[in-house]
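> predicted coordinates and the sequence they were generated for:
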Amino acid sequence: MSQYLLIKKVYDTKPVDQTVIVRGWVKSLRQSKKFSFLVLNDGTTQKDLQIIVDLALANYEEVTKLTIGSSVEVEGLVVASQGKQPVEMQARRVHIYCLNGEDYPLQKKETSLEYLREIAHLRSRTTTFSAVFRLRHVLAQATHEYFSNESFTYLHTPIITASDAEGAGEMFRISTLPLDKLPRTDKGAIDFKQDYFGRETFLSVSGQLEAETFAVGGLGRVYTFGPTFRSENSNTARHLSEFWMVEPEAAFNTLEDNALLATGYVKHLIQRAMEQCPDELEFLANRYAPENLKTLEHVLSSPFEVVTYTHAISILEEVSKTHKFDFPVKWGIDLQTEHERFLAEQYFKRPTIVTDYPKDIKAFYMKQNDDGRTVRAMDVLVPGVGELIGGSQREDNYERLVKRMEEMKMDVNNYWWYLDLRKYGSVPHAGFGLGFERAVMYISGMTNIRDVIPFPRTPKNAEF
Ligand code: 4AD
Ligand code: MG
């Protein structure tokens, strides 16, 4: 019995003159007078395997009827090839698992990304999506590798939470209360004491606050990598209601250290992607973003730009004289995607770290600057995407933090445990969150976030 090999293994080991078994799905079938070319892929590599099926094969007639996406097992002899790939196969036996009928939605002609979103359960069968998801995998591995090498401990923070880590009120409620018979308090409010957890609970928007508790006084350096949920009503090519976030948190780090950590991490992702997914990146670049590889190489070899928010605003104000933005620029505004992209894509032409934002547009936990109006925040903006990372040095002073939370009308009692960190062994510390899908977009060159997550959740859409 011949050995079954994954197609990736066939290319890695090139077992020329050996008879092996491969299994996979048909990419194409071309017929000539004496034989047919069967092109097969099994998802383990970007490269297809070309198989020559001779007219003499017992079930040759059946093989010639194979359609795209049909599943087969082929036993055959591996031979050196003059073609694009170093080896190909001469079939000895072809077994058909399932022959797709004419109703198979993925025919040879190029299918639009929009249409593929409607059949997301089948789109991993396309060359585009298998490339994107192998790349996504490599970026996930590279994330663990980077933080592990930097002495961070991987921490699994909870998904169900009672606190709004961003204070932005964009949380999905978790409740088992009967919607048609909500229990009420004497005052007529919903009585959450009777709910499953005996209080209001939500899906987490960020693992940061819990990560901080482990970083300060505990493990020193931790990172989370998990799903986060936001009920913001943003139907854009960059927002998901469920997305994955990587959040490192490091005791004793300042904003400057934080920026260096973020730079090192993003570069490490690009480095590993280029080393481990060259075929995927080349395919995606050729089809969707021709300049992408050149851009990534450039990013690897140059430092990120660092500029304060105040400086960024003055640049944008100057530019506004000749360039029309949809959102007018003035100190105090939250930067819109058009501003972020302008800075990274057209002005600095590289990833740009904007620091020291106005406190009124940032979260309660950011360290306040002595000017009384800005905080030690940083956003990393990248060409094509805009905001890839948001982070800050944290307010480690108890009184200042409580005062800020009160100003922002937060329920301070609810955060008693978070405030304890500033009472016991408090130290300067900093962290950030990288939107993992945005990183996949940036490195793959894909322009819609729905195309880099298996099953996108967006407002009014939770199919599959
Ligand atoms: O800037 P954000 O809201 O920061 C935080 O959540 C902090 N707690 C992170 C931290 O300091 N530990 O989100 C961080 C990143 C953004 O820069 C963006 O890349 C991504 O998460 N992000 C989203 N990605 C997809 N869809 C959404 N709706 C996103 N919201 C944020
Ligand atoms: Mg942000």
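Perfect, I can see it now. Ligands and ions are numbered 1, 2, ... in the order given.
> partner residues bridging F229?
The bridge-partner assignment for F229, based on DSSP bridges, gives E242.
> that one: what's it in contact with?
F229 sits next to I159, M171, F172, L203, S204, V205, S241, E242 when contact means Cβ atoms under 8 Å, 6 or more residues apart in numbering. For glycine as for every other residue, the C-beta is placed from the backbone atoms N, C-alpha and C.
> farthest pair in those?
Maximum pairwise distance in the contacts of F229, criterion Cβ to Cβ, is 14.0 Å, between I159 and S241.
> tell me which of those two has more neighbours.
In terms of neighbours (other Cβ atoms under 10 Å), S241 is the more surrounded of I159 and S241; the figures are 22 against 14.
> hmm, back to that, can you redo the contacts of F229 as CSV with secondary structure, pLDDT and distance to L293?
Compiled in CSV, these are given as follows (DSSP: H, G, I helix; E, B strand; the rest coil; pLDDT from 0 to 100; distance: Cβ to Cβ, whole Å):
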residue, secondary structure, pLDDT, distance to L293
I159, coil, 98, 36
M171, coil, 96, 39
F172, coil, 97, 38
L203, strand, 98, 37
S204, coil, 97, 36
V205, coil, 97, 34
S241, coil, 97, 32
E242, strand, 98, 30
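> quick one: buried ones out of the residues you listed?
Those of the contacts of F229 that meet the buried threshold are M171, L203, S204, V205, S241, E242, by 16 or more other Cβ atoms under 10 Å.
> from what I see, the fifth one and P227 are in contact.
What it means is S241. No. Applying Cβ atoms under 8 Å, one finds S241 not in contact with P227, separated by 10.6 Å.
> how close does E145 sit to ligand 1?
The spacing between E145 and ligand 1, counted by Cβ to the nearest ligand atom, to the nearest Å, is 20 Å.
> could you list the low-confidence segments of the chain?
108 (pLDDT under 70).
> quick check: which element contains the residue of it positioned farthest from its centre?
With distances taken as Cα atoms, centre = their mean, the residue sitting farthest from the centre of the chain turns out to be A56, at 48.8 Å. Assigned by DSSP states H and E, A56 belongs to no helix or strand.
> residues near A285, how many?
When counting by other Cβ under 10 Å, one arrives at 18 neighbours for A285.
> next: the one 4 residues further on.
The criterion is other Cβ under 10 Å. On that basis, A289 has 16 neighbouring residues.
> give me the phi and psi for S392.
Backbone geometry at S392, expressed as degrees, to the nearest 10, gives phi -170, psi 170.
> return the set of residues that bridge with it.
With DSSP bridges applied, S392 shows beta-bridge pairing to A377, G431.
> distance of it from M410?
Counting by Cβ to Cβ, to the nearest Å, the gap between S392 and M410 amounts to 17 Å.
> these two: which has the busier surroundings?
Each of S392 and M410 had its neighbours counted (other Cβ under 10 Å), and the higher figure belongs to S392 (25 against 16).
> could I get the full set of strands for the stretch 51-200 of the chain?
Taking DSSP state E, counting those that start in this stretch as the criterion, the stretch 51-200 of the chain carries its strands at 71-80, 87-98, 153-154, 160-161, 173-174.
> how about those strands, which one is nearest ligand 1?
The closest of these to ligand 1 is strand 160-161. By Cβ to the nearest ligand atom, the value is 12.3 Å.
> what is that closest one packed up against?
Packing partners of strand 160-161 (3 or more Cβ pairs under 8 Å, 6 or more residues apart in numbering; DSSP states H and E): strand 201-203.
> returning to that earlier point: from the contacts of F229, which single one is nearest A189?
Proximity of these to A189 was ranked by Cβ to Cβ; the top entry is M171 with 18.1 Å.
> spatially nearest residue to that closest one (excluding sequence neighbours)?
The shortest distance from M171 to any residue other than its chain neighbours is 3.7 Å, reached at F202 (Cβ to Cβ, 6 or more residues apart in numbering).
> tell me, how many residues neighbour that neighbour?
In terms of burial, F202 registers 20 neighbours under the definition other Cβ under 10 Å.
> ok, V26 next?
Residues near V26, counting by other Cβ under 10 Å: 22.
> and Q107, what is it in contact with?
Residues in contact with Q107 (Cβ under 8 Å, 6+ apart) are I68.
> quick check: V222 touching E249?
Yes. In this structure, V222 sits in contact with E249. The criterion is Cβ under 8 Å, and the distance is 5.6 Å.
> related to what we said a few turns ago, columns mean neighbour count and distance to ligand 1 on top of the strands of the stretch 51-200 of the chain, output as JSON lines?
Converted to JSON lines, the strands of the stretch 51-200 of the chain look like this (neighbours: other Cβ atoms under 10 Å; distance: least, Cβ to the nearest ligand atom, whole Å):
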{"stretch": "strand 71-80", "mean neighbour count": "18", "distance to ligand 1": "35"}
{"stretch": "strand 87-98", "mean neighbour count": "17", "distance to ligand 1": "37"}
{"stretch": "strand 153-154", "mean neighbour count": "14", "distance to ligand 1": "15"}
{"stretch": "strand 160-161", "mean neighbour count": "15", "distance to ligand 1": "12"}
{"stretch": "strand 173-174", "mean neighbour count": "14", "distance to ligand 1": "17"}
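> residues from the stretch 101-250 of the chain in reach of ligand 1?
A165, E166, S206, Q208, R230, E232, H239, L240, F243, M245, E247 (Cβ under 6 Å from any ligand atom).
> neighbour-wise, which one of those residues leads?
Q208 (28 neighbours).
> my guess is that residue contacts A165. True?
Yes. Taking Cβ under 8 Å as the definition, Q208 is a contact partner of A165 at 5.2 Å.
> so T213 belongs to a strand, correct?
No. Counting by DSSP: H, G, I helix; E, B strand; the rest coil, T213 is not part of a strand but helix.
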